[in-house]
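Asker: pasted the sequence and its predicted model underneath.
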Amino acid sequence: MSVAKGLEGVVALTSKISSIVDGVLTYRGINIDELAEQANFEEVMFLLWNGRLPKKNELEELKKDLGSQAELPQGVLEQLKSYPKDIHPMAALRTSVSALAMYDPEADDNRGEANIRKAISLTAKLPTIVAALFRLSKGLEPVSPRPEYGYAGNFVYMLHGEEPEKTAVKAIDKAFILHADHELNASTFAARVTTATLSDMYSAVTTAIGTLKGPLHGGANERVMAMLEEIGTTDRVEETIQRKLENKEKIMGFGHRVYKDGDPRAKHLREMSRQLADTTGDRTWYQMSVAIEDLMDRKKGLKPNVDFYSASTYHYLGIPRKLFTPIFAISRVSGWTAHILEQYADNRLIRPRAEYTGPVNQSYIPVEKR
Ligand SMILES: CC(=O)SCCNC(=O)CCNC(=O)[C@H](O)C(C)(C)COP(=O)(O)OP(=O)(O)OC[C@H]1O[C@@H](n2cnc3c(N)ncnc32)[C@H](O)[C@@H]1OP(=O)(O)O
Ligand SMILES: O=C([O-])CC(=O)C(=O)O
């Protein structure tokens, strides 16, 4: 047996959802650049789940469904209120999504229609959970969803409890589009492994959230912000990054398993960060990020991934860094659920092999003789 460590280069399954070919990312064959510039996130969800863009009435129907599913069961809301205040929101989100299953009579019904309903319901509820966690961490009561603001708008509304600001809604909607799906990334693969045992959608999404949380995956965006805060000013970029590289530390938000010439999503987030720097008049975070990008290219030939400029973008929007990865999850649940539906539709247990490298020909020694 030959081993590809980290499954690098292994093609594990076929999928019709998103593709990365020669550094170009498409959702259902549509270039991410076009979607980021022209679509809204609700259209992208529909596209991922159904394989085509929605007609006007289908989009309205989806918006209505998302709105009607956005409230949390009372039991889940009460549970959220009982979590320790300093718990990481990704841990809380993982637990709350798992808890949602207990309030869904269809939780273990894995047939197509029930699963589409669950995909919509989960996608509708994640923003409500994340916003509630944010407000509770600040000692504030969660606010009820206001679906008339749209998916991104309602999320921004539920964070602050006031009319959502247009610039913020547009930026969040675009960020949601850019993070929605990404071929066989670690959390999506994890979700598909769980699904392939014919477990339920809540279990698969809970698995995915736990996987996204890690710093080598979605958890990197929060750590990018921590690094920017640690550096503090553009003139300290060179010495700090140099020291980290000498200590063999990974620079968060750089590098990618698939993209070696750059992540096509990063340019959109860099531009969003630049525009927000101009709007807010605080160019520090953007300038520091650009200086790190230049340095990492010169020193290591490494390019920013989707997580790098999302950090300064969210920061400019006044979002605390602990919410960065949960926001990623709000978007990615659309992709996870699309992959879960695809896995159920043509399932086979996912069970690779391991090459055994441990001791051989050992004997059992009774405990008193060890
Ligand atoms: C949404 C997402 O999940 S995007 C990825 C988010 N994760 C991060 O930003 C964390 C930082 N980046 C990384 O750790 C990696 O680039 C990963 C995990 C994304 C990809 O990892 P892999 O494909 O396994 O590459 P691997 O870790 O083997 O790195 C290859 C070489 O590049 C170096 N390298 C890769 N990324 C970085 C980085 N961010 N900083 C410094 N060096 C790096 C490694 O040290 C290694 O060097 P070596 O060959 O001299 O030992
Ligand atoms: O594809 C990956 O390995 C990670 C990534 O960029 C994503 O999940 O968006």
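Answerer: Okay, I see it. Ligands and ions are numbered 1, 2, ... in the order given.
Asker: for ligand 1, what are the nearby residues on the stretch 1-150 of the chain?
Answerer: Residues of the stretch 1-150 of the chain lying close to ligand 1 by CB under 6 Å from any ligand atom are G6. Quick note: C-beta positions are derived from backbone N, CA and C, even for glycine.
Asker: recalculate using a threshold of 8 Å.
Answerer: G6, E8 (CB under 8 Å from any ligand atom).
Asker: in the stretch 1-150 of the chain, what residue is nearest ligand 1?
Answerer: G6 (5.3 Å; CB to the nearest ligand atom).
Asker: the stretch 201-350 of the chain now?
Answerer: Nearest residue of the stretch 201-350 of the chain to ligand 1: G255, at 2.2 Å (CB to the nearest ligand atom).
Asker: give me the neighbour count for that residue.
Answerer: Neighbour count for G255, taken as other CB atoms under 10 Å: 19.
Asker: per-residue confidence for it?
Answerer: G255 carries a pLDDT value of 98.
Asker: what lies in contact with stretch 120-129?
Answerer: 45, 62, 65-72, 76, 80, 92-93, 96-97, 100, 104, 142, 145, 151, 154-155, 158, 201-202, 205, 329-330, 333-334, 337 (CB atoms under 8 Å, 6 or more residues apart in numbering).
Asker: quickly find the element holding the residue nearest the centre of the chain.
Answerer: Nearest residue to the geometric centre of the chain (CA atoms, centre = their mean): F328, 3.0 Å. Assigned by DSSP states H and E, F328 belongs to helix 324-345.
Asker: from H315, how far off is the spatially closest residue to the residue nearest to the centre of the chain that is not a sequence neighbour?
Answerer: Leaving aside its sequence neighbours, F328 sits nearest to G218 (CB to CB, 6 or more residues apart in numbering; 4.4 Å). Distance of G218 to H315, computed by CB to CB, to the nearest Å: 17 Å.
Asker: how is the chain partitioned into domains?
Answerer: 16-215+322-345, 220-316 (automatic domain parsing).
Asker: any idea how far apart the tips of the last one sit?
Answerer: End-to-end distance for domain 220-316, by CA to CA, to the nearest Å: 18 Å.
Asker: now do the strands in the chain.
Answerer: With DSSP state E as the criterion, the chain has strands at 18-21, 24-27, 30-31.
Asker: any buried residues in the first one, and which?
Answerer: This points to strand 18-21. Across strand 18-21, burial judged by 16 or more other CB atoms under 10 Å covers S18, I20.
Asker: over to stretch 62-79?
Answerer: Residues of stretch 62-79 classed as buried by neighbour count (16+ other CB under 10 Å): L62, K63, D65, L66, G67, Q69, A70, L72, V76, L77, Q79.
Asker: identify the residues contacting the third one.
Answerer: For D65, the set of contacting residues under the criterion of CB under 8 Å, 6+ apart consists of I120, A124.
Asker: gap between it and Y151?
Answerer: In terms of CB to CB, D65 sits 11 Å off from Y151.
Asker: what's the answer for the last one, then?
Answerer: As for Q79, its distance to Y151 is 24 Å (criterion: CB to CB).
Asker: please apply the same query to G112.
Answerer: Remark: distance between G112 and Y151 (CB to CB) = 23 Å.
Asker: those two: which has the busier surroundings?
Answerer: Taking neighbours as other CB under 10 Å, G112 and Y151 compare with Y151 leading, 26 against 11.
Asker: wait, which of the buried residues of stretch 62-79 is closest to N50?
Answerer: Taking CB to CB as the measure, N50 lies nearest L62 of those, at 9.6 Å.
Asker: wouldn't the residue nearest to the centre of the chain be in contact with H217 here?
Answerer: No - using CB atoms under 8 Å, F328 makes no contact with H217, being 9.0 Å away.
Asker: wait, does stretch 191-199 make contact with ligand 2?
Answerer: No - Stretch 191-199 lies out of reach of ligand 2 by CB under 8 Å from any ligand atom, never closer than 11.6 Å.
Asker: the helix holding F328: how far from the chain's middle?
Answerer: The chain centre lies 8 Å from the centre of helix 324-345; the measure is CA atoms, centre = their mean, to the nearest Å.
Asker: avg pLDDT for it?
Answerer: The average pLDDT within helix 324-345 is 98.
Asker: stretch 212-229 now?
Answerer: Here stretch 212-229 scores 98 as its mean pLDDT.
Asker: before we move on, back to that, quick one: which of G218 and H315 has more around it?
Answerer: G218 (29 against 24).
Asker: tell me who's in contact with the more buried one.
Answerer: Applying CB under 8 Å, 6+ apart, the residues near G218 are S187, L212, D307, T325, F328, A329, R332.
Asker: E71 is in contact with P145, isn't it?
Answerer: Yes - in this structure E71 lies within contact range of P145 using CB under 8 Å: 6.2 Å.
Asker: number of residues surrounding H217?
Answerer: 18.
Asker: mind checking how far it is from T211?
Answerer: To T211, H217 is 7 Å away according to CB to CB.
Asker: in the longest helix seen in the chain, what's buried?
Answerer: Using DSSP state H, we find that the single longest helix of the chain is helix 112-137. For helix 112-137, the neighbour count (16+ other CB under 10 Å) marks 114-115, 117-137 as buried.
Asker: so what's the gap between that helix and the chain middle?
Answerer: Helix 112-137 sits 14 Å away from the centroid of its parent chain (CA atoms, centre = their mean).
Asker: please name the residues that touch the residue of the stretch 1-150 of the chain closest to ligand 1.
Answerer: By CB under 8 Å, 6+ apart, the contact list for G6 reads R257.
Asker: so what's it scoring on pLDDT?
Answerer: What the model reports for G6 is a pLDDT of 96.
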